[in-house]
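**Student:** build me a model:
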Amino acid sequence: MVFKPVGQATTPGKDSNSLVEEVFKKFPRLKKVSGFAPEEGGLLYRLDTDTSGLVLFACTNKAFHAFRKASYDHEIEKHYLALVKGNPKKKEGEITLEIAHHPKSASKMVVKAKEDDKKRGKWRPAKTQYKVIKKVKGNSLVEAIIYQGARHQIRAHMAAIGYPLLNDPLYAKKPVKNKTFDLTCAQVSWPAKKLIFDLKELKMKK
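**Tutor:** A predicted model of the protein is given here:
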């Protein structure tokens, strides 16, 4: 497990400083794992460029396929910490709105509020469980748990119920210029195997 900072892409692209490339320089054997794509090796999931936190890599093909199957079966829990705008009336809840690509914007997602909502591609089932941890200067620190996960799931879901991530340029109505939103993958757990990967543990190792 490694920590991905804000501003760094998870996978190779136009820039040559992606998290995957940095990991492969230090642990070249991970590149030999048969994962999603040849250039991604044992990478188990991706984080958005502006999202920080814990990223896991599989060391073997067997481990990769076991984790992915557990993910598809919704056995993997990913715990995020997010700073959202305002104070949710419900201190905890569950959002199950389906998600799809925005019909016009390539960088944005939309949630299904009505049957005739426009989108690009197919609607994808998504579930986000959230719990307010504490209030922060009129806003709220929220723990959000997802399982398989769709692109921008937490960002789109929290915005859909009226509490977008603070300063989110895509989903907040009035983001502050030159400021980023706060979203961190803080823990990944596999309850069936009694495995917990925690960001605190990673920072302690450093």
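**Student:** look up how far residue 169 lies from the residue most central in space within the chain.
**Tutor:** Centroid-nearest residue in the chain, with CA atoms, centre = their mean: residue 47, separated by 5.1 Å. Between residue 47 and residue 169 the distance is 17 Å, computed by CB to CB, to the nearest Å. Backbone N, C-alpha and C define where each C-beta goes, glycine included.
**Student:** please apply the same query to residue 108.
**Tutor:** 10 Å.
**Student:** over to residue 137?
**Tutor:** Taken as CB to CB, the span from residue 137 to residue 169 is 20 Å.
**Student:** neighbour count for those two, which is higher?
**Tutor:** Neighbours per residue (other CB atoms under 10 Å) separate residue 137 from residue 169, with residue 169 holding more: 15 against 7.
**Student:** longest helix of the protein?
**Tutor:** Ranked by residue count under DSSP state H, the longest helix found in the chain is helix 61-72.
**Student:** how far away from the center of its chain is that helix?
**Tutor:** With CA atoms, centre = their mean, to the nearest Å as the basis, helix 61-72 stands 18 Å off its chain's centre.
**Student:** buried set for that helix?
**Tutor:** For helix 61-72, burial by neighbour count (16 or more other CB atoms under 10 Å) applies to 64, 67, 68, 70, 71.
**Student:** show residues contacting it.
**Tutor:** 33-35, 42, 44-45, 56, 58, 76, 147-148, 190, 192-193 (CB atoms under 8 Å, 6 or more residues apart in numbering).
**Student:** how about the residues you listed in CSV, adding neighbour count?
**Tutor:** Converted to CSV, the contacts of helix 61-72 look like this (neighbours: other CB atoms under 10 Å):
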residue, neighbour count
33, 20
34, 14
35, 20
42, 25
44, 20
45, 19
56, 17
58, 20
76, 25
147, 18
148, 18
190, 16
192, 10
193, 12
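**Student:** of all the residues you listed, the one with the weakest confidence?
**Tutor:** Looking at the contacts of helix 61-72 by pLDDT, the weakest one is residue 148, with 82.
**Student:** doesn't that one fall inside a strand?
**Tutor:** No: looking at residue 148 with DSSP: H, G, I helix; E, B strand; the rest coil, it is coil, so not inside a strand.
**Student:** need the contact list for it.
**Tutor:** 71, 72, 74, 76, 126.
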